[in-house]
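[1] Next comes the sequence, and after it the predicted model I'd like to discuss.
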Amino acid sequence: MSGLTLDTGALIAFERADRKVIALLQSALENRLEICVPTAVVAQVWRDGRRQARLARLLRDNRVLVEPLEDQRSRAIGQLLGVTHTTDIVDAAVVLGAKARGHAVATSDRGDLRRLAPALRLIPV
C-alpha cells in the first residue's frame, strides 16, 4: 500500500475521535504513507469550521493531500457511474483517486465502493 485515501465515513469517524481511525492515520503518518482526501469528500463533511477544529487541523496538515476535482477526473467519474449504473459522485471520486495512487481506502461504505471497484483494498472504519 502506497497510501491511504479517506472517504466521508472515515472523516466523520476521525472528527468524532474514533480510536481506530486515529490509529490508522497515525500509523500512516509514521510510515510516511501518502494520505489523500478528495475535495468532494471535504464538501460532503464540512459544515462549520468553528465546530470542526479536529477536521480542520487534519485538512491543513501538509502531509495530507486534499485532491482537487479537475475536469478530466470529473469526466472519468461520470463514465464510471455510467458503466456501473450508480450515482454517487463522491464514492466515484474516492475510488478513482485511490486507484490512480495505488491507495487503500478507509471507508464505512464498503458495499458501494465494491460496486465501483471490486479489487480495491478497503479498510473498514
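    It's in. Numbers count the residues shown, from 1 in each chain.
[2] any idea how far Val125 is from the residue of the chain most remote from its centre?
    Most distant residue from the mean C-alpha position of the chain: Arg50, 22.1 Å away (CA atoms, centre = their mean). To Val125, Arg50 is 25 Å away according to CB to CB, to the nearest Å. Yep, even glycine has a C-beta here, placed from its N, CA and C like the rest.
[3] next one: Asp91
    Asp91 sits 15 Å away from Val125, going by CB to CB.
[4] Look at the two and report which has more neighbours.
    Under the criterion of other CB atoms under 10 Å, the comparison of Asp91 against Val125 puts Asp91 first, with 27 against 21.
[5] circling back to that earlier point, and the residue farthest from the centre of the chain, what element?
    Under DSSP states H and E, no helix or strand contains Arg50.
[6] List the residues that contact it.
    By CB atoms under 8 Å, 6 or more residues apart in numbering, Arg50 lies in contact with nothing.
[7] Roughly how far does it sit from Arg57?
    Noted for Arg50: a distance of 13 Å to Arg57, by CB to CB.
[8] Which residues are in contact with each of those two?
    Residues within reach of Arg50 and of Arg57 at once, by CB under 8 Å, 6+ apart: there are none.
[9] Would you mind naming the helix or strand containing Gln26?
    Assigned by DSSP H and E, Gln26 belongs to helix 19-30.
[10] and the closest residue to Arg73 other than its chain neighbours, what does it touch?
    Of all residues not flanking Arg73 in the chain, Leu96 sits nearest, at 6.3 Å (CB to CB, 6 or more residues apart in numbering). Going by CB under 8 Å, 6+ apart, Leu96 touches 73, 76-77, 80.
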